[in-house]
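K.L.:
Build me a model:
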Amino acid sequence: MTDLARRFSNNPILMPKDLKSSSSELQVISLLNPGVFRYNGKIWLLVRVAESIVQKEGVIFFPVLNDQGKMEIIEVPLNDPELIANDARIVNYKGLDYLTTISHLRLLCSDDGIHFFQPDFPASIFGEGDLERYGVEDCRVSQIGNDYYLTYTAVSESGVGVGLRITKDWLHFDRKGMIFPPHNKDVAIFEEQVNGKFYALHRPSSKEIGGNYIWLSESPDGVYWGNHKCIIKSRPGLWDSARVGAGAAPIKTTKGWLEIYHGANMEHQYCLGAFLMDINDPSVVIARTTEPIMVPTAHYELSGFFGYVVFTNGHVVDGDQLTIYYGAADEFVCGAYFSIAEILSLMDISTDT
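P.N.:
As a prediction, this is how the structure comes out:
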């Protein structure tokens, strides 16, 4: 398979041991899938920090937030007949799904885009309210004018939806609530309007019919969304046969809107690919890579909390250079450089998508 990535020589750039847990009763299990943006002359990551309680033999613990936003720990014996715990990420207890970790978002900044540190001001975003009781995950950051739009996965016993918060200064946030209800995730808002409308990519899912496909939606104000259209589907027999989902905000190029997306096969192995949308009508997909542009090959991508995974929802653009920050093996944060022209060269514009 094709792999265009020029990985940072010091990958992983962040590991669980590099950050302190949010409380003394928790430990950092994984660092995942950072949103990325520029602010005050620096490059910033909004990293998903997944935490859990220290486990002990014969018992499983999983943390949740109560109605007041305080942590509660649920303890269940492993031999409880009402417990189903055959996945490292999700357990089912008494008919309800729970995550084995609870995630929040942690801000880190860098002068060079390679070495990151925590800023002096408050640097964490936690779940709030019933619809974020199991935490907030995988934030994408889109800058539109002076506003930063944060779209993130909000998880609760009611399902997985997408929340929105808007900020100008990263100190004060305007919470807009859940803008895409369950089951939905992977929402990436375009960083400029097209024909006077906001556009966003999203990924609704259904267990009974259809699949995990990428959809396009439009909005008059960036908050209320409609006119949904399915534009990218999984492809049987290829690397993205099981599910596809958007990465960060589409990149405006002379050829169209370029989107880096993730795809997974039936073995839950995640690679990155790309597709191109019409510059004036993003619902028209012009081209799509047949092969992935990045494949898990490094040891830190193949082995970790959940191996054989590269997953991105954040990047920065400098001319032709695209710097993608990504989660590796659901445990580490890494970086890689790409050439936008090289990605576009893989696409046959006349190919039926």
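
K.L.:
any chance you could map the helices in this structure?
P.N.:
299-302, 340-345 (DSSP state H).

K.L.:
just those helices: most buried one?
P.N.:
Sort the helices of the chain by mean neighbour count, taking mean count of other CB atoms under 10 Å, and helix 299-302 sits at the top with a mean of 18. Yep, even glycine has a C-beta here, placed from its N, CA and C like the rest.

K.L.:
what sits against the closest residue to Thr100 other than its chain neighbours?
P.N.:
Nearest non-adjacent residue to Thr100, counting by CB to CB, 6 or more residues apart in numbering: Phe62, 5.5 Å away. Contacts here follow CB atoms under 8 Å, 6 or more residues apart in numbering; on that basis Phe62 touches 52-53, 73-74, 76, 91, 98-102.

K.L.:
Quick one, which of those are buried?
P.N.:
For the contacts of Phe62, a burial check counting by 16 or more other CB atoms under 10 Å picks out 52-53, 76, 91, 98-102.

K.L.:
Skipping its backbone neighbours, what lies nearest Glu25 in space?
P.N.:
Ile53 (6.3 Å).

K.L.:
where exactly do the strands run in the stretch 1-150 of the chain?
P.N.:
Using DSSP state E, counting those that start in this stretch, the strands of the stretch 1-150 of the chain run over 6-7, 27-39, 42-52, 59-65, 71-77, 83-84, 90-93, 96-99, 102-110, 124-125, 136-144, 147-156.

K.L.:
chain center to the first one: distance?
P.N.:
The chain centre lies 20 Å from the centre of strand 6-7; the measure is CA atoms, centre = their mean, to the nearest Å.

K.L.:
Show me what it is packed up against.
P.N.:
Helices and strands touching strand 6-7, by 3 or more CB pairs under 8 Å, 6 or more residues apart in numbering; DSSP states H and E, are strand 332-339.

K.L.:
now swap in the last one and tell me
P.N.:
In this structure, strand 147-156 packs against strand 27-39, strand 136-144, strand 159-167, strand 173-180, strand 184-189, with contacts taken as 3+ CB pairs under 8 Å, 6+ apart.

K.L.:
what are the pairing partners of the first one, and which direction each?
P.N.:
So that's strand 27-39. According to DSSP bridges, strand 27-39 forms sheet pairs with strand 42-52 (antiparallel).

K.L.:
hey, C-alpha coordinates of the partner strand in CSV?
P.N.:
Coordinates of the C-alpha atoms in strand 42-52 are reproduced here as CSV (Å, rounded to 0.1, in the frame of the first residue of the first chain):
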residue,chain,number,x,y,z
LYS,A,42,2.0,29.1,18.4
ILE,A,43,0.7,25.7,17.3
TRP,A,44,-1.7,24.1,19.8
LEU,A,45,-3.0,20.6,20.3
LEU,A,46,-6.3,19.8,22.0
VAL,A,47,-5.5,16.3,23.0
ARG,A,48,-8.0,13.7,24.2
VAL,A,49,-6.7,12.3,27.5
ALA,A,50,-8.3,9.0,28.4
GLU,A,51,-8.1,8.1,32.1
SER,A,52,-9.3,5.2,34.3
